[in-house]
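1. sequence and predicted structure are below.
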Amino acid sequence: MQYSLEQNQTDAMISLDPRMPMAPASIEEAGLDPSFLLRLASKCAAEQDTITASHLADRMKLPKVIVNILIKELVKLAYLEARGLAGEDVRSDIRYALSMKGFEYANAAQRQSQYVGPAPVSLDAFCRQVGLQSIHDERVTPERLTDSLHGLVLSGSLVEKLGPAMNSGRSILLYGPPGNGKTSIAERTSQLFRQTIWVPYAIEVGGHVISFYDEAVHQSVAGADARSYPKADQRWIECRRPVIKTGGELTLDLLDLTFNEGPNVYEAPIHLKASGGVFIIDDFGRQQVAPQALINRWIVPLERGYDFLTLHTGKKFKVPFDELVVFSTNIAPKDLSDEAGLRRLKYKIFVNTPSRDEYLQIFKSYASGTGLGVSDSDLNLFYDRSYKGDVLASCYHPKYLLDFVSSYCEFNGLPRIASLDMLERAWEGVFTLE
C-alpha cells in the first residue's frame, strides 16, 4: 500500500500511518539500557540550574512516564534534589537540580560520551524501521516520472528506460558524453518519491552513540505538512525521502563511521544517511580512489541489501542498505570496472548527445527564458556550420552560448538578439578550438 504525504494529510484524522514508530511505554520498550538513560538524563540536567520532568522529556524526546522513572531513580541515588514547584499551581511540575554527587556523576558521564540530546534508538529499532519504510515499497508511476523530468528535453526511448530503473529502487549507471543531462536526471529523483519516512536523531550501538539526523541532507516535514501525533516516538523525525549527492570528494573513509575522539561520538556515513532515499555518485571515476575500489566496497551492499560498519573498538555490526543508488559518469563503463563489478550495477543507461531537433528545442527554450531573440534561419545555419565532422552537439551548449550573447549585448548596449554573427562570436569565446 502506498503512503504519500498528500494521502497522509487527507487521512490524518482517520488513521495513523502504520509505519510510524510508536512512543515506548516503558524503559524496556525504549530499547536502551537503564544506566545509559540515567547518564544521559544527568547530562541533560547539567545544562540548566534546575529542570522539570516536562523539560527533560522534551530534551530527551521520551514520554514523561519514562522520564519520571529516571528522575525517581536519580533522586533515590541522591544525584537529583527537589527544589520546589515550578509554578504557583499545586499541579505544577517539581523543579530538580543536580546535587554535588550528581554533578560528579554527570561529569563522569560526560567523560565517557559528550553526547547530550534526544535519546538514541536501538540498532534493532533502526533496522526494523528502515524495513517498514523501504524505498522498494513506493511505486514510481509514468505520470510521476514525466512530472519529475519536466523542463528536460529527453528522447522517448531514454525516458522509457529510466522508468523501470527508477522504480526498481536498485542501482543505476548513467553514462555518456559530458554535458547531456545525466546529473540533472539523477537530481530529479527528488521529485519521484513522495512518501515520508522517519529518521532517528541518533542510534545506540554497544553503548556508543551514532549521530544520524543531519539537517543538511534530511528535509523534515514542517509547516502545513507537519503532523503531530501524541503517540508517536519523538526520537524520530518525519522527513521526505533523502536525496544525497556526492562527487569527486567521495572517498572510502566517507563510507565508514566517523569517530569524533573528543566528544566520543560517531557520525553516520553518508550512504547510511541516505537510507530509504536516493544516493547519487556524480562524476563517478573522478574520485581520488579508483572506481573499482568503490565498487568493490559496495559489492555486498548492492548485492545483499546490507552493509557492515565497525566501531573503533573493533565491534562490527550489520545495517540495512536500502536506497536507490545512481552513478553518473562520462567514462566508458569498461574503463570503470571489470565485468564482475559492472554486474552489480543493475541498470546501465546511455545518455547520448541531443539530436538536431532536440538541440534546437533546448536552444529556443533557453533563449525564450532569458529574453533573447533568435531567428530559425540563423539558428539552423549556425547549427550546420558548427556541428560537422567530429564536432558533436551537447545539451549544455545552448546555455553557454546564450549566456555569452546576453553578457556581450549587455556590456555593449546592443539589442538582445542572438544573430548568426553573435552566435559565431560566442562560439569562439566559449569553446576551445582544439
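-> Structure received. Numbering: from 1, shown residues only.
2. helix, strand, or coil at residue 42?
-> helix (DSSP: H, G, I helix; E, B strand; the rest coil).
3. ok, it touching residue 75?
-> No - contact status for residue 42 versus residue 75: not in contact, 11.7 Å apart, counting by CB atoms under 8 Å. Where C-beta positions appear, they are placed from N, C-alpha and C, glycine not excepted.
4. give me the more crowded residue out of these two.
-> Neighbour count, other CB atoms under 10 Å: between residue 42 and residue 75, residue 42 has more, with 25 against 16.
5. for the nearest residue to that one once chain neighbours are set aside, grab the count of nearby residues.
-> Spatial nearest neighbour of residue 42, excluding adjacent residues (CB to CB, 6 or more residues apart in numbering): residue 106 at 4.1 Å. Residue 106: 23 surrounding residues under other CB under 10 Å.
6. mind naming the longest helix for the chain?
-> In the chain, assigned by DSSP state H, the helix with the most residues is helix 397-412.
7. nearest residue to the residue nearest the centre of the chain other than its sequence neighbours?
-> By CA atoms, centre = their mean, the chain has its centre lying nearest to residue 242, at 3.2 Å. Once flanking residues are discounted, residue 242 sits nearest to residue 277: 3.6 Å by CB to CB, 6+ apart.
8. quick one: contacts for that neighbour?
-> 135, 193, 197, 241, 242, 243, 244, 323, 324 (CB atoms under 8 Å, 6 or more residues apart in numbering).
9. now it: phi and psi?
-> Note on residue 277: its backbone torsions stand at phi -140, psi -140 [degrees, to the nearest 10].
10. same check, this time on the one 3 residues further on
-> Listed backbone geometry of residue 280 is phi -110, psi 120, with angles given as degrees, to the nearest 10.
11. touching, it and residue 270? I think so.
-> No - Residue 280 lies out of contact with residue 270 (CB under 8 Å); the separation is 10.8 Å.
12. of these two, which one has the most company?
-> More crowded of residue 280 and residue 270, by other CB under 10 Å: residue 280, with 24 against 17.
13. what bridges to that one?
-> residue 245, residue 326 (DSSP bridges).
14. what is the neighbour count of residue 357?
-> 10.
15. where does it fall, secondary structure wise?
-> Per DSSP states H and E: residue 357 is located in helix 356-369.
16. got the angle for the very next helix or strand once past that helix vs helix 356-369?
-> Next helix or strand after helix 356-369 toward the C-terminus (DSSP H and E): helix 376-386. Following axes from the mean of the first three to the mean of the last three CA atoms, to 10 degrees, one obtains 130 degrees for the angle between helix 376-386 and helix 356-369.
17. helices or strands next to helix 376-386 in the packing?
-> Here helix 376-386 touches helix 356-369, helix 420-430, going by 3 or more CB pairs under 8 Å, 6 or more residues apart in numbering; DSSP states H and E.
18. strands of the stretch 51-200 of the chain, start to end?
-> Along the stretch 51-200 of the chain, the segments classed as strands by DSSP state E, counting those that start in this stretch run 80-85, 94-98, 121-122, 171-175, 196-200.
19. for residue 189, find the nearest of the ones you listed.
-> strand 171-175 (9.3 Å; CB to CB).
20. assess the claim that the residue nearest to the centre of the chain and residue 278 are in contact.
-> Yes - look at residue 242 against residue 278 with CB under 8 Å: they come within range, at 7.2 Å.
21. so residue 257 makes contact with residue 210?
-> Yes - counting by CB under 8 Å, residue 210 is a contact partner of residue 257 at 6.7 Å.
22. ok, the two, which is more surrounded?
-> Shown here are residue 257 and residue 210; by other CB under 10 Å, residue 210 has more neighbours (25 against 18).
23. contacts for the helix or strand that one falls within, please.
-> According to DSSP H and E, residue 210 maps onto strand 208-211. Strand 208-211 is contacted by residues 113, 115, 120, 201-204, 257, 264-268, 311, 313 when judged by CB under 8 Å, 6+ apart.
24. what is the most widely separated pair among the residues you listed?
-> 201 and 313 (22.5 Å).
25. of the two, who's got more company?
-> residue 201 (18 against 10).
26. grab the nearest non-local neighbour of residue 43.
-> With CB to CB, 6+ apart as the criterion, residue 43 has its nearest non-adjacent residue at 4.7 Å, and that residue is residue 116.
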